[in-house]
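Trainee: Let me see the structure of the following:
(one chain, ligands or ions: 2)
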Amino acid sequence: MLLIVSNKTDLATDYLIVRLHERGIPFLRINTEDYLLSWDVCFSIKESATHVEIRKDGQESLPVECFTGAYIRQPKIPDLNIADGDKEFAKREVGETLKSIWRAIDDSIWLNAPRRLLLASNKPEQLTIANSIGFKVPDTYVGANYESIKKFYQAHSGKIIAKAVKHGFDFDGYKARVAATQKIDEASLASIKCYATIPMIFQNHIEKEYDIRVIVVGSDVFATAIESQDHEETKTDWRLSDCYKIPLKQYKINLPQKIVSLCLEMTEKFNLRYSAIDLVLGKDGAYYFLELNPNGQWAWVEQLGIHNIRDSIIDALVVNKGRM
Ligand SMILES: Nc1ncnc2c1ncn2[C@@H]1O[C@H](COP(=O)(O)OP(=O)(O)O)[C@@H](O)[C@H]1O
Ligand SMILES: [Mg+2]
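Mentor: Ligands and ions are numbered 1, 2, ... in the order given. I've put the predicted structure just below:
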């Protein structure tokens, strides 16, 4: 039996579920916003043994030991019907309780183990590790100090970008918020001086042939080129294609073996079995590592019909070939 943990609107999870049905593989899906509404958990310790069971309305309780594979994608904390003043406390308590369920399931069963998702998500650390294993990474400054930013700008002859430390695209449940990667010029440098800012990642601007999304599942590596340079609006940040309704050409590519090995090594360094890695192919012919998304979206790649990612994920869950 597989455990699928997600939210009600996640497309990637829907893709997975459709295929699980087609392949006749038994699973239990729980959407975390529905915790306490349509499913519950019972965690108890008695006589030196811990028992954790998940109980979904209308179904038998399942002890976590019955799960031979577990998948998690973008769990959301339920929007509890609790007074505003107590909401943060309640959300924290719910989040911590959910965490205890995930941790009652062995890390090797998960794709990816939730605690490892947390450990893998820091971009500056990822850049350091990528650099240390032999990936090319852009020169980087992380911070908010105007003098340091100006020095970095000058050292790169004014060819730098700024982007979010955590991530630039967010969805607060109602609307998308965008803080796209931006080129920095004299005017934006002046505004950084005037307004106290939050820290950002500053990097030398890589002249790109195209962007690349790499999906790693176990030892499978799926690479997709994104022709971001075809349109002025998407040259710096290809994700603005959504805002401008620009369909970008995307197609399957074969990466050089060295880059494939580096993507696998990056994933292993963080003890992950899945990752979505963003690379760019520079005009200088070099592949640059930008970031690793340990729970990154793969549904849009599947939609292109050029890679069969969901069967690879299901195979990894069914065989449960945890490599840790
Ligand atoms: N140093 C850089 N030079 C040129 N483009 C960049 C650079 N860093 C990021 N980008 C562009 O910004 C977009 C998002 O990059 P990414 O590093 O994956 O940030 P995020 O964490 O917001 O997803 C992509 O289109 C990527 O090509
Ligand atoms: Mg990215």
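
Trainee: how far away is the residue in the stretch 1-150 of the chain positioned nearest to ligand 1 from residue 65?
Mentor: Per CB to the nearest ligand atom, residue 138 is where the stretch 1-150 of the chain lies closest to ligand 1, at 3.9 Å. (C-beta placed from N, C-alpha, C; glycine too.) Per CB to CB, to the nearest Å, residue 138 is found 46 Å from residue 65.

Trainee: more crowded one of these two?
Mentor: residue 138 (19 against 13; other CB atoms under 10 Å).

Trainee: and residue 136, what does it touch?
Mentor: Residue 136 is in contact with 286-289, counting by CB atoms under 8 Å, 6 or more residues apart in numbering.

Trainee: taking the residues you listed one by one, which sit in strands?
Mentor: 287-289 (DSSP state E).

Trainee: Can you tell me which of the residues you listed has the most neighbours?
Mentor: Going by other CB under 10 Å, residue 289 tops the ones in strands among the contacts of residue 136 with 25 neighbours.

Trainee: Helix, strand or coil: sort out residue 279 for me.
Mentor: Classification of residue 279 by DSSP: H, G, I helix; E, B strand; the rest coil places it in strand.

Trainee: burial measure for the closest residue to it other than its chain neighbours, as a count.
Mentor: Computed as CB to CB, 6 or more residues apart in numbering, the closest residue to residue 279 that is not its neighbour in sequence is residue 212, at 4.2 Å. Applying other CB under 10 Å, we find 23 other residues in the vicinity of residue 212.

Trainee: secondary structure element for residue 212?
Mentor: Take DSSP states H and E as the rule and residue 212 turns out to sit in strand 208-217.

Trainee: what are the pairing partners of the helix or strand following that strand, and which direction each?
Mentor: Next in sequence after strand 208-217, counting helices and strands by DSSP H and E, comes strand 220-226. Strand pairing for strand 220-226, determined by DSSP bridges: strand 208-217 (antiparallel), strand 250-253 (antiparallel).

Trainee: I'd like to know which elements the helix or strand just after strand 220-226 is packed against.
Mentor: Next helix or strand after strand 220-226 toward the C-terminus (DSSP H and E): helix 240-244. Contact partners of helix 240-244 among helices and strands, from 3 or more CB pairs under 8 Å, 6 or more residues apart in numbering; DSSP states H and E: strand 176-178.

Trainee: about what we covered before: who does the residue nearest to residue 279 form a beta bridge with?
Mentor: Under the criterion used here (DSSP bridges), residue 212 is bridged to residue 225, residue 279.

Trainee: Begin at 2 from now on, thanks
Mentor: In the new numbering, first residue 2, that becomes residue 213.

Trainee: Surely it touches residue 279?
Mentor: Yes. Residue 213 sits in contact with residue 279 when judged by CB atoms under 8 Å, with a separation of 7.3 Å.

Trainee: Torsion angles phi and psi at the closest residue to residue 140 other than its chain neighbours?
Mentor: Counting by CB to CB, 6+ apart, residue 205 is the residue found nearest to residue 140 once chain neighbours are left out, at 4.6 Å. The phi and psi values for residue 205, taken as degrees, to the nearest 10, are phi -70, psi 140.

Trainee: Pretty sure residue 205 sits against residue 158.
Mentor: No. Residue 205 is beyond contact range of residue 158, at 9.2 Å (criterion: CB under 8 Å).

Trainee: Which one of these two is surrounded by more residues?
Mentor: Comparing residue 205 with residue 158 by neighbour count (other CB under 10 Å), the higher total belongs to residue 205, at 18 against 9.

Trainee: Could you report the distance from the more buried one to residue 159?
Mentor: For residue 205, the distance to residue 159 - CB to CB - is 10 Å.

Trainee: And residue 196, by the same measure?
Mentor: Using CB to CB, we find residue 196 at a distance of 20 Å from residue 159.

Trainee: Neighbour count: these two, which is higher?
Mentor: The residue with more neighbours, out of residue 196 and residue 159, is residue 159; 13 against 7, by other CB under 10 Å.

Trainee: is it true that that one touches residue 186?
Mentor: Yes. Here residue 159 reaches residue 186: they are 7.0 Å apart, a contact under CB under 8 Å.
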